[in-house]
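1. structure of the sequence below:
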Amino acid sequence: MIEFLSVLSVFLGLSNLYYFLFFRRKKKNQRASVFFSVIFGLSILLGIIVAVKNSDFSIDSIFESIVFVLLISILIPGYFFMLFGINSLLEHIPIVRGYFSYNVIFSVLTISLSVFYYFISLLILTLDYF
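-> Next up is the predicted model:
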């Protein structure tokens, strides 16, 4: 039950973040460039930290770490770009006007597309590179 509530709170937190940052706001492009720069930088930092902790400093391990950092730095910002696309889609739907309808529709779309994105990223991360 705790896991379900944690996942639900993450999805509601993401919908609130996108609602208050981007939904029908002025200067959306400026906010988006700062937001995605931070996300991209944090994903590279996370990938480097994980790669260094899991590395045993052999040539194969270093190559795997570089590929891992590259893939993580593409997949994490890609997920947030997908959420930005959901936000842009909801801005053009006239029935979505308020906070509640935005959060419900955004959360449902996020959950359904996250499952799809999970399987795509699992496919990409488990490809045999050697």
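2. switch to C-alpha atoms for all contacts and neighbour counts from now on
-> Fine.
3. so what's the gap between the strand or helix carrying residue 17 and the chain middle?
-> Element membership for residue 17, per DSSP states H and E: helix 2-22. Taking CA atoms, centre = their mean, to the nearest Å, one finds helix 2-22 lying 12 Å from the centre of the chain it belongs to.
4. for the helix ranked longest in the chain, packing partners?
-> Criterion DSSP state H: the longest helix present in the chain is helix 59-91. Identification of packing neighbours for helix 59-91 by 3 or more CA pairs under 8 Å, 6 or more residues apart in numbering; DSSP states H and E yields helix 2-22, helix 28-53, helix 99-125.
5. any chance of the ones you listed in a markdown table, with mean neighbour count too?
-> Compiled in a markdown table, the helices and strands packed on helix 59-91 are given as follows (neighbours: other CA atoms under 10 Å):
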| stretch | mean neighbour count |
| --- | --- |
| helix 2-22 | 14 |
| helix 28-53 | 15 |
| helix 99-125 | 14 |
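6. which of those helices sits closest to residue 88?
-> helix 2-22 (8.6 Å; CA to CA).
7. compute the inter-axis angle for that closest one and helix 59-91.
-> Interaxial angle of helix 2-22 relative to helix 59-91 (axes from the mean of the first three to the mean of the last three CA atoms, to 10 degrees): 60 degrees.
8. so what touches helix 2-22?
-> Outside helix 2-22, the residues that touch it by CA atoms under 8 Å, 6 or more residues apart in numbering are 28, 31-32, 83-84, 87, 99, 102-103, 106-107, 110-111.
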